[in-house]
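Participant: Sequence first, predicted coordinates after that:
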Amino acid sequence: LKQKKLEVLRSATSSDGVYFNLDEGLRLSGGFVDSYVLNGLPNYMIVSTTPPGGPIKNPQRLFLANSVNGMDWKTNDYPLLDRSPRNALDPTSVYLGNNTWRIYYTLTDDSNPFEGFKIASAILTGPITPEEEPILVEEKINENQTSSEKIDVHLSDDESDKCTNKQYVYEDIGLALTAKQAGNMDSMAPMANPSSLKLLDGNIRLFFTNAGAGIGSAISSDGISFTYEGIRISAPEAMKQGVNLGPLRVFRLPDERIRLFVGSSQTGVQSFVSNNEGMTFSVEKGERISQEAAKMPAIQKLSIISIGNNNWQGYFGPAPQHGPPPPSGQNLINNNTPGQNNQQPGPPGQKPNIPNDQQQSHGYGPPDHWILRATSTDLFNWTVEKDILIGPGAQYLTASAREVAPLSTNDGCITLFYQLNKPQDAGIRDFSGVAVIGYSSSEDGKTFTKQYVLINERDPAGPDVIQLQDESYLMYHDSTEKNGYGHGIRVGRLYKVDN
């Protein structure tokens, strides 16, 4: 409060756990902080006192507060836990059964309340049996996201859910390469779309689109520090051969050659092949996947995993479209209804669903994207499956998803990493910029029902995963810092979270 150093407790109320309205008045005054309501006892909470200094002389201690209506709270006269001269603060609790809770709290080494923190615990018992915690009914996050996509932080012990509940953590290392390091004068030059390749000599070659020059590469001995090599496929030369360069993926063939798949805003998936570890490439005739087969006006990033026995699965989606939106109701490839956003034709069968206020104020927002799967027995000819896996039109995860990177692990799970370019549609609000990298895991590589956030800063895009010789994983992704390095490719370690 103004002119006072005593901290107070306020409250806010929400009907959905996302949007909160501030309640009037104070819940508790007199220098109490760090409130934690006891599990199963909504009328009791543990609080700690304000750190010593000013009007407060005593070390921080834990008190028990109670309320009849949840609005008017009062504390007992005597502390619940006093560790003087040390400070006890930040309590949390776990109900152990038999009217017993374990209280975890922060404890300082000495009387200094601002350093030397450790975690301690104590046992609390009482005469009141807690109520069973209410089970939240699964609801739709918003109109664009089906209820099945609600992010669930509880991991099931059911073996059948081992893939669905699989989670990862990304630990950022830093920049692998910037636009300027790749020979561009402008730090914001569009250098992006990393695709990594483990070479036969143990080095890692990173391919990427390098502004308008074409597809460039950089080399590294550890997958972290890269040296720019130059342009591997010239955009003007590729155009002369009938190939429009765009976002790419590289994949090692069974005969050790390298195939580079490329898509653009004008074509289906085309390819190049290299027999010298990606130093030079030759164009291959035809298209690996046509616009007609994919029912997309443009295709990008055919990202491939092996499923054994000379069978492969490739995941892909539509390339971004630029310029004004097509006339309402027009699909550039087929006669199906356009997607939620008329800037780009939507997946088959999707109806426009743009909030009126957005239509009036913006006209249209980011285009919708979705993920499809194709199969192949030779990595040259591909058969597109009709079902949308993730994105508008999918059965479960319906938020727009693009730039997919698959990972197959030895536990039988397939994880798709991708950019969510409309994270709000997935109920995600904790991010900076306009997008996040999310992921989903599945046992069959087709049915994805849960979604998690992996990276939520620096406008991440274009994830790419590589397994090192020590079986650890690195992830590369596009990033942007307009007031810093500009456009760049970041690298970090990817860890699986154990149950």
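Facilitator: Everything's here; your move. Computed from a predicted model, the values in this text were never measured in an experiment.

Participant: quick one: the residue lying closest to residue 394 once chain neighbours are set aside and residue 45, what's the gap?
Facilitator: Nearest non-adjacent residue to residue 394, counting by CB to CB, 6 or more residues apart in numbering: residue 388, 4.6 Å away. Quick note: C-beta positions are derived from backbone N, CA and C, even for glycine. Distance, residue 388 to residue 45, by CB to CB, to the nearest Å: 46 Å.

Participant: Which one of these two is surrounded by more residues?
Facilitator: residue 45 (25 against 22; other CB atoms under 10 Å).

Participant: ok, the more buried one - contacts?
Facilitator: Residues near residue 45 by CB atoms under 8 Å, 6 or more residues apart in numbering: 35, 36, 37, 38, 64, 65, 66, 73.

Participant: neighbours around the last one, how many?
Facilitator: Using other CB under 10 Å, residue 73 has 22 neighbouring residues.

Participant: Likewise for residue 462?
Facilitator: Neighbours of residue 462 (other CB under 10 Å): 26.

Participant: One more: residue 117?
Facilitator: 13.

Participant: And it, how far from residue 93?
Facilitator: With CB to CB as the criterion, residue 117 and residue 93 are 19 Å apart.

Participant: Residue 498 now?
Facilitator: Distance, residue 498 to residue 93, using CB to CB: 25 Å.

Participant: Looking at these two, which is more packed in?
Facilitator: Legend: neighbour count by other CB under 10 Å for residue 498 and residue 93, higher for residue 93 (22 against 6).

Participant: The residue nearest to residue 394 and residue 370 touch, don't they?
Facilitator: Yes. With contact defined as CB atoms under 8 Å, residue 388 reaches residue 370; the gap is 4.9 Å.

Participant: for the chain, what helix or strand is lowest in average pLDDT?
Facilitator: The least trusted helix or strand in the chain, going by mean pLDDT, DSSP states H and E, turns out to be helix 356-362, with a mean of 35.

Participant: Now do whichever helix or strand comes after it: everything it contacts.
Facilitator: Past helix 356-362, further along toward the C-terminus, the next helix or strand under DSSP states H and E is strand 372-376. Outside strand 372-376, the residues that touch it by CB under 8 Å, 6+ apart are 289, 294, 302, 311-317, 382-385, 387-389, 445-446.

Participant: filter those residues to the buried ones?
Facilitator: Buried members of those, counted by 16 or more other CB atoms under 10 Å: 289, 294, 302, 312-317, 382, 384, 388-389, 445.

Participant: for these, which one is nearest residue 216?
Facilitator: The nearest member of these to residue 216, counting by CB to CB, is residue 302 at 19.7 Å.

Participant: what about that closest one, which helix or strand?
Facilitator: strand 299-308.

Participant: partners of that strand in the sheet?
Facilitator: Strand 299-308 has its sheet partners listed here by DSSP bridges as strand 311-318 (antiparallel).

Participant: what pLDDT, on average, does the partner strand get?
Facilitator: Mean per-residue pLDDT for strand 311-318: 96.

Participant: Can I get it in PDB, CA atoms only?
Facilitator: The C-alpha trace of strand 311-318 is given here as PDB (Å, rounded to 0.1, in the frame of the first residue of the first chain):
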ATOM      1  CA  ASN A 311       9.500 -47.800 -46.000                       C
ATOM      2  CA  TRP A 312       9.500 -44.100 -45.300                       C
ATOM      3  CA  GLN A 313       7.000 -41.500 -44.000                       C
ATOM      4  CA  GLY A 314       7.200 -37.800 -45.000                       C
ATOM      5  CA  TYR A 315       5.400 -34.900 -43.300                       C
ATOM      6  CA  PHE A 316       4.700 -31.600 -45.100                       C
ATOM      7  CA  GLY A 317       2.300 -28.700 -45.300                       C
ATOM      8  CA  PRO A 318       1.500 -25.700 -47.500                       C
END
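
Participant: List of residues touching it?
Facilitator: The contact list for strand 311-318 (CB under 8 Å, 6+ apart) reads 263, 269, 289, 294, 296-307, 344, 367, 369-377, 379, 382, 389, 391, 401-404, 406, 414, 416, 445.

Participant: Please repeat the previous calculation with a cut-off of 7 Å.
Facilitator: 296, 298-307, 344, 369-377, 379, 382, 402, 404, 406, 416, 445 (CB atoms under 7 Å, 6 or more residues apart in numbering).

Participant: distance between that strand and the chain's centre?
Facilitator: Here strand 311-318 shows a centroid-to-chain-centroid distance of 20 Å under the convention CA atoms, centre = their mean, to the nearest Å.

Participant: now the angle between strand 372-376 and it, please.
Facilitator: 150 degrees (axes from the mean of the first three to the mean of the last three CA atoms, to 10 degrees).

Participant: what about the strands in the stretch 151-300 of the chain?
Facilitator: Listed in chain order, the strands of the stretch 151-300 of the chain (DSSP state E, counting those that start in this stretch) span residues 167-178, 191-198, 204-210, 214-220, 227-234, 248-252, 258-262, 270-274, 282-283, 299-308.
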